[in-house]
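Colleague: Sequence isn't available, so here's the structure alone:
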């Protein structure tokens, strides 16, 4: 029987998604940092009034702070509507500020200025370190502190520090969802966490956070979200085989994943399969492709419920037939997979018709094995005239005794039928 194995289809999904896909990767811009700085540089924060309990910038430090803010936000002119930051000048001002004897609040502000400049230079590690220094001082009100935490989570993603990103992002989501803040957790925030778990190969959490993102989204769901969820489900259902050379660490991860798959209960495994079927149905409807139709058919065929083999094959055949009608099933292996399922379901005439047409159109190679399958199919369909034609071609290709005997038997049946009709 010709069919795609689960590992082959899953590997194709993984390849399609790409372990290093950056379609939704974080691109933290300097505007994020400037927004945070703008919040912190409110009139209250700069006030020198002794009656204020809020963190303050001292009068001796304030002029330098204002100079840095101006340097980081150069004014537009008629000649230049988007003036560039004078990085060298800004660096000198920030360094001067950092060398001062500062309060904790002033230190945090200086670190945020340094982070802003690092982002302008696309120095994401420098930005992360500076924001982290500001965050550790814990001098800001909760909303601003949480905003910095979220920025750290996104910068960690930019740096490929997936566990660090999770460590910052998950508590941020819990804090925002558990409090009353103007900022809300967006669908994209959930996706960023899902991406980090995806890179960490923590599949249950990958699926959970994609589901959270889908539930929070007000817009059409991108294909990449469904792909990520499908990959997370498939890796729990049956971990993909790795065909490329692996390090010892990668081998250990794969062995652990496969061991987990073997020990999950049949009930859980069936639940994962059904969830994967549901996601695949969405993909073939919203983003149809040969890959997704194959995956759907295979998942139907992989059902392991007692007495469900025949029903599963019918569902798989239905998926393949839909893909064929829609023009997505053209590869020889896919056509032979559908023909095999037709034969197993007793649809001999349909199987013979499709195989003969595919041979004539050269979508399936006219090999000895394919001609033998066609001859056997016509015999099972009791279409002995077509069986005789196919067997004659088969004998010409390989004058084997068994083929000649089968041809002789078919010709005898045809003669008997003609005699009975006369």
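Modeller: Happy to help now that I have it. In this text the structure is predicted, and so the values were computed from the model without any measurement. Numbering: from 1, shown residues only.

Colleague: Nearest spatial neighbour of residue 372, chain-adjacent residues omitted?
Modeller: Using Cβ to Cβ, 6 or more residues apart in numbering and skipping residues adjacent in sequence, the residue nearest residue 372 is residue 394, 6.3 Å away. For the C-beta atoms, the positions are set from N, CA and C on the backbone; glycine is no exception.

Colleague: let me fix that: residue 65
Modeller: residue 57 is the one closest to residue 65 (Cβ to Cβ, 6+ apart), at 5.6 Å.

Colleague: Tell me the predicted confidence for the one you found.
Modeller: In this model, residue 57 is scored at 92, pLDDT.

Colleague: now do residue 237
Modeller: pLDDT, residue 237: 83.

Colleague: need the contact list for the closest residue to it other than its chain neighbours.
Modeller: Nearest residue to residue 237, sequence neighbours excluded (Cβ to Cβ, 6+ apart): residue 272, at 4.4 Å. Listed by Cβ atoms under 8 Å, 6 or more residues apart in numbering, the contact partners of residue 272 are 233, 236-237, 264.

Colleague: Report how many residues lie close to residue 131.
Modeller: Neighbour count for residue 131, taken as other Cβ atoms under 10 Å: 27.

Colleague: Could you verify my assumption that it touches residue 111?
Modeller: Yes - Residue 131 is in contact with residue 111 according to Cβ atoms under 8 Å; the separation is 7.1 Å.

Colleague: returning to that earlier point: and the residue nearest to residue 65, backbone torsions?
Modeller: With angles defined as degrees, to the nearest 10, residue 57 sits at phi -100, psi 120.

Colleague: Quick check: the gap between it and residue 95.
Modeller: 18 Å (Cβ to Cβ, to the nearest Å).

Colleague: of those two, who's got more company?
Modeller: residue 57 (22 against 11).

Colleague: which of the residues in stretch 153-163 are buried?
Modeller: Across stretch 153-163, burial judged by 16 or more other Cβ atoms under 10 Å covers 153-158, 161-162.

Colleague: Tell me the one among the contacts of residue 272 nearest to residue 216.
Modeller: Using Cβ to Cβ, residue 233 comes nearest to residue 216 of those, at 19.8 Å.

Colleague: Pretty sure that closest one sits against residue 207.
Modeller: Yes - using Cβ under 8 Å, residue 233 is in contact with residue 207, at 6.0 Å.

Colleague: Give me the common contacts of these two.
Modeller: Joint contacts of residue 233 and residue 207 (Cβ under 8 Å, 6+ apart) are residue 275.

Colleague: Which helix or strand contains the residue nearest to residue 372?
Modeller: Here residue 394 sits within helix 384-397, counting by DSSP states H and E.
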